[in-house]
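> Okay, here's the prediction I keep looking at, along with the sequence it came from:
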Amino acid sequence: MINMAVLNLKDIVKYLIKITLIIAIVIGLTKYFSTVKASVAKRAEGLEEVSFTSCLDVTIPGIASDKQDKQIEETKISPLEKMLYLNLGMLNSLNDKSLNKKEEDNKQTNETDQEAKQDIEEPLQKAETGLETEVQKNNVPEKYTSEYKGVKIRNETKYKLTEEILTPNVTVKKDNILIFHTHTCESYTPSEKYQYKQTGNYRTTDRNFSVVRVGRELDRQLQNYGYKVTHSETYHDYPSYTGSYENSYKTVTNLLQKNKNTDIVIDLHRDAISDYSYAPTVKIGEEYAAQLMFVIGGNISKEHPNWQQNLKFAVKIQQKANEMYPGLFKPIILRYASYNQQTAKGASIIEVGSTGNTMEQALTSMKYLAKVMDEVLKK
């Protein structure tokens, strides 16, 4: 009888332990899913910041960042909850619906960028005129197929560029200038002053070190001359590079609806070729500036019948640049793809330097581009 009593007591203890574990697991799961629900709601409101680590989690699903690990440790959750958090994090990274809410992400990142921007921006320097210029040698030869009064054009289409097509007899409204970036994450060779962590080959989601920073400089230079400027910093190539032009088309058309008197639309890029050391540069006075290049889209899609106006406007700007700062621009490239330039009379892509250039050189070229544009537009 005594042995039977001991055996029953052990069984009771086992049952109590099992029940305790079940209760603990239920409580843990309840807390976890409450946390997940709050996190998802927060993400849906666009309050999560876009960071380098979040870019990695999207690009390579399942890799948990150090930041995530720290957050897990700070909340002091159990090993079971941590394991569930990481596994479900893999599924959350595939949730395209929340990732595609770019405007919400941009709103949060803009606030972060605006704070950091104050520490990076230099005092405004206006461009001087009458300076000597010299194009620096590089390992990529200059190519062009035709020339109009000093403006060189590389025609990659079958269009015959007549004098009538190239004559810059075009007038544009200057009430508002629109600047945006189809490839928002394009960046440059890091320099001592502009060090940054890349999220790809010469790419970063940090707008303080991408081509967006160059757009900010052009924005404030033009505003200094009295022009109204709308500068969109919206991501169009993040989290996915595919569909960048479709994304930027939506941005541009929406902005043009709000600013109907806009003829000048600039898609500011950074050029890229297979040679990452390529750094097209011109020395202006004692400064080194990244060379610029217009890329104009043709009419192969039959949706861009007024492409010649875009070309004329590019020729007009480049003619004045050749007069003021010879070598600031490389030959204009004419291609079939429309590049969303059907949206405005004076639309263009402007490539600012290449991967081998530094941010300093790109910012310097904006000072001279703004001066040239002012000389053209104020007449």
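Here it is on my side, so go on.
> Counting neighbours, what do you get for residue 154?
17 (other CB atoms under 10 Å). C-beta here means a position set from N, CA and C on the backbone, and glycine is covered the same way.
> tell me which element it falls in.
Using DSSP states H and E, residue 154 sits in strand 151-155.
> Residue 179 belongs to a strand?
Yes. Under DSSP: H, G, I helix; E, B strand; the rest coil, residue 179 sits within a strand.
> Quick check: it vs residue 348, distance?
From residue 179 across to residue 348, the span is 11 Å (CB to CB, to the nearest Å).
> shared neighbours of these two, anything?
Residues touching both residue 179 and residue 348 (CB atoms under 8 Å, 6 or more residues apart in numbering): residue 266.
> Run through the chain and note the low-pLDDT ranges.
Along the chain, segments meeting pLDDT under 70 span 1-11, 13, 32-120, 301.
> 50 - rerun?
1-7, 40-101, 111-112, 115, 118 (pLDDT under 50).
> Three-state assignment for residue 24, please.
Quick answer, by three-state DSSP: residue 24 is helix.
> nope, residue 299 is what I meant
coil.
> show me the contacts for it.
Residue 299 neighbours (CB under 8 Å, 6+ apart): 305, 307, 336, 338.
> which one of these has the most neighbours?
residue 307 (24 neighbours).
> how far away is that one from residue 332?
Going from residue 307 to residue 332 by CB to CB gives 12 Å.
> quick one: common contacting residues for the two?
By CB under 8 Å, 6+ apart, the residues touching both residue 307 and residue 332 are residue 296.
> Return the distance of residue 29 relative to residue 351.
53 Å.
> follow-up on the earlier one: run through who's touching the very next helix or strand once past the strand holding residue 154.
Following strand 151-155 in sequence order, the next helix or strand is helix 163-166 (DSSP H and E). If you take CB under 8 Å, 6+ apart as the criterion, helix 163-166 is touched by 148, 151, 153, 159, 308, 311-312, 315.
> Same list, the residues you listed, but as a markdown table with distance to residue 358 and neighbour count please.
A markdown table is the format used below for those (distance: CB to CB, whole Å; neighbours: other CB atoms under 10 Å):
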| residue | distance to residue 358 | neighbour count |
| --- | --- | --- |
| 148 | 32 | 19 |
| 151 | 27 | 22 |
| 153 | 28 | 22 |
| 159 | 36 | 16 |
| 308 | 36 | 19 |
| 311 | 30 | 26 |
| 312 | 33 | 23 |
| 315 | 29 | 23 |
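> Looking at those, which is nearest residue 278?
residue 153 (20.7 Å; CB to CB).
> The closest one bridge partners, please.
Judged by DSSP bridges, the bridge partners of residue 153 are residue 146, residue 332.
> Strands along this structure, start to end?
Using DSSP state E, the strands assigned to the chain run over residues 133-135, 146-148, 151-155, 177-180, 229-231, 264-269, 281-284, 287-290, 292-297, 332-335, 346-352.
> Residue 29 and residue 351 - which one has more neighbours?
More neighbours surround residue 351 than the other of residue 29 and residue 351, with 22 against 13 (other CB under 10 Å).
> thinking that one is in contact with residue 271, fair?
Yes. Contact criterion CB atoms under 8 Å: residue 351 and residue 271 qualify, at 4.0 Å.
> shared neighbours, these two?
Shared contacts of residue 351 and residue 271, counting by CB under 8 Å, 6+ apart, come down to residue 293.
> Can you tell me which residue sits nearest the middle of this protein?
Computing the C-alpha centroid of the chain and ranking residues by CA atoms, centre = their mean puts residue 184 first, at 1.1 Å.
> Make sure that residue is actually in contact with residue 237.
Yes. If you go by CB under 8 Å, residue 184 and residue 237 touch, sitting 5.6 Å apart.
> on that earlier part again, check what contacts the strand holding residue 154 and list those residues.
Counting by CB under 8 Å, 6+ apart, 142-147, 161, 166, 315, 318-319, 322, 331-334 sit against strand 151-155.
> Dump the C-alpha coordinates for that strand into PDB.
Listed next in PDB are the C-alpha coordinates belonging to strand 151-155 (Å, rounded to 0.1, in the frame of the first residue of the first chain):
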ATOM      1  CA  VAL A 151      26.600  70.300 -79.400                       C
ATOM      2  CA  LYS A 152      27.600  66.700 -79.900                       C
ATOM      3  CA  ILE A 153      24.900  64.000 -80.200                       C
ATOM      4  CA  ARG A 154      25.200  60.300 -80.100                       C
ATOM      5  CA  ASN A 155      22.200  59.100 -82.100                       C
END
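> want to throw the strands of the chain into TSV with distance to residue 258?
Converted to TSV, these look like this (distance: least, CB to CB, whole Å):
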stretch	distance to residue 258
strand 133-135	38
strand 146-148	35
strand 151-155	33
strand 177-180	10
strand 229-231	8
strand 264-269	13
strand 281-284	36
strand 287-290	31
strand 292-297	24
strand 332-335	29
strand 346-352	17
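> With adjacent residues omitted, what lies nearest to residue 314?
residue 294 (4.1 Å; CB to CB, 6 or more residues apart in numbering).
> so who does that neighbour touch?
Here residue 294 is in contact with 314, 317-318, 329, 332-333, 348-351 (CB under 8 Å, 6+ apart).
> cool, and residue 309?
170, 345-346.
> Most neighbours among these, which one is it?
residue 346 (25 neighbours).
> Pairing-wise in the sheet, spell out the partners of that one.
Under the criterion used (DSSP bridges), residue 346 bridges to residue 264.
> ok, residue 198 touching residue 189?
No. Applying CB under 8 Å as the test, residue 198 and residue 189 come out as separate, 10.4 Å apart.
> What backbone torsions are found at residue 240?
When read as degrees, to the nearest 10, the backbone of residue 240 gives phi -120, psi 130.
> residues in contact with the nearest residue to residue 313 once chain neighbours are set aside?
Counting by CB to CB, 6+ apart, residue 313 lies nearest to residue 346, which is 4.2 Å off, once chain neighbours are set aside. With contact taken as CB under 8 Å, 6+ apart, residue 346 is in contact with 170, 172, 263-265, 309-310, 313.
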